[in-house]
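Asker: Coordinates for the following, if possible.
(2 chains, ligands or ions: 1)
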Amino acid sequence: MDPQWHAYTPYSSALDPCPPRPKAYIVPPNQYVIFQPHGLRQFAPREALKRGTLWPELYSPYEHGDRGGGRR
Amino acid sequence: MKVSKCDPRLAKYLIEQYGGADGELAAALRYLNQRYTIPDKVIGLLTDIGTEEFAHLEMIATMVYKLTKDATVEQMEAAGLGGHLVDHGFDLYYHNAAGNPFTVACLTAKGDPIANLYEDIAAEEKARATYQWLIDITDDADIQDGLRFLREREVIHALRFREAVEMLKGYQEEKKVF
Ligand SMILES: [Fe+2]
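Answerer: Reported below is the predicted structural model:
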């Protein structure tokens, strides 16, 4: 799993109705930037357009099924 | 916008970003209203992002339209859109995924630039979270592509608003252009 994900394990009781599922939340890289510095690496224009940002350092990947190994 | 299959069920969920509290319409209206009274050095930012949100609104509208335009009445009903069909037919409407109509009560203007910008930051993070749930619930690869792009824009917007706060706090390096 991408390092932007943070896993945690809440208390689960033997009496819980469903088997426990992994819990995690994502913290995008923007949270660690106060003011974007000059001269960051850049994606090629087409790549940037597809990803929604010009800067790899600010890109946050998010895939279907990333959260706890998928829903289905 | 590319959509892989006719899936009105998905349209019912996507409409959250059309007429929901943290959707693109709410974002556009919030920023383009705050822009008048915010200090000069961040007017441009609010205008730019507010305008961009309208473009995102069009992307969502196109997805919803393509997902429903050729659905049958039976498919709409099976997708939980029977109520929508009776009220609006195949028209889009500004309401959230639960069917509640859009209201400006979901956004504020507090007459204080720091308070306003913190609301904007929170709105971006909430929109990002909504896109995450939408990506989780969608198995259409083309829709996922579009949603990932929109989610990343929220990540960037949140950073820009946080930079705007820094500028108003008097961050040393003035006047940056990206
Ligand atoms: Fe945004």
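Asker: And what about the residue of chain B found nearest the ion, helix, strand or coil?
Answerer: Ranking the residues of chain B by distance to the ion (CB to the ion) places B:His157 first, at 3.8 Å. C-betas here are computed from N, CA, C, even on glycine. For B:His157, the assignment made with DSSP: H, G, I helix; E, B strand; the rest coil gives helix.
Asker: what's the burial count for it?
Answerer: Taking other CB atoms under 10 Å in any protein chain shown as the neighbour definition, B:His157 ends up with a count of 26.
Asker: which residues touch it?
Answerer: Shown in contact with B:His157 (CB atoms under 8 Å, 6 or more residues apart in numbering or on different chains): B:Ile49, B:Glu52, B:Asp120, B:Glu124.
Asker: and if we set it to 6 Å?
Answerer: Taking CB atoms under 6 Å, 6 or more residues apart in numbering or on different chains, we find B:His157 in contact with B:Ile49, B:Glu124.
Asker: how much space between it and B:Phe149?
Answerer: 13 Å (CB to CB, to the nearest Å).
Asker: what do you get for B:Ala127?
Answerer: For B:Ala127 relative to B:Phe149 (CB to CB), the value is 13 Å.
Asker: Next one, pLDDT for residue 6 please.
Answerer: Assuming you mean chain A. pLDDT for A:His6: 94.
Asker: my question was about chain B
Answerer: The model reports B:Cys6 with a pLDDT of 87.
Asker: Neighbours of it, how many?
Answerer: Neighbour tally, B:Cys6, other CB under 10 Å: 15.
Asker: in what helix or strand does B:Leu85 lie?
Answerer: helix B:82-88 (DSSP states H and E).
Asker: Which elements pack onto the next helix or strand after that helix?
Answerer: The first helix or strand that comes after helix B:82-88 along the chain, using DSSP H and E, is helix B:113-137. Under the contact criterion of 3 or more CB pairs under 6 Å, 6 or more residues apart in numbering or on different chains; DSSP states H and E, helix B:113-137 touches helix B:141-169.
Asker: Show me which parts of the helix it packs on are buried, residue by residue.
Answerer: The neighbour-count check on helix B:141-169 (16 or more other CB atoms under 10 Å in any protein chain shown) flags B:143-144, B:146-165, B:167 as buried.
Asker: Could you do stretch B:127-145 as well?
Answerer: B:Ala127, B:Arg128, B:Thr130, B:Tyr131, B:Gln132, B:Leu134, B:Ile135, B:Asp136, B:Thr138, B:Asp140, B:Ile143, B:Gln144.
Asker: can you check stretch A:2-10 too?
Answerer: For stretch A:2-10, by 16+ other CB under 10 Å, it's A:Gln4.
Asker: Extract the CA atoms of it and return them as CSV.
Answerer: Taking C-alpha atoms only, stretch A:2-10 is exported to CSV below (Å, rounded to 0.1, in the frame of the first residue of the first chain):
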residue,chain,number,x,y,z
ASP,A,2,1.2,3.5,-0.8
PRO,A,3,3.0,5.2,2.1
GLN,A,4,0.4,8.0,2.1
TRP,A,5,-2.0,5.5,3.7
HIS,A,6,-2.0,5.2,7.5
ALA,A,7,-3.4,2.0,9.1
TYR,A,8,-5.0,1.7,12.5
THR,A,9,-6.7,-1.0,14.5
PRO,A,10,-9.7,-0.1,16.6
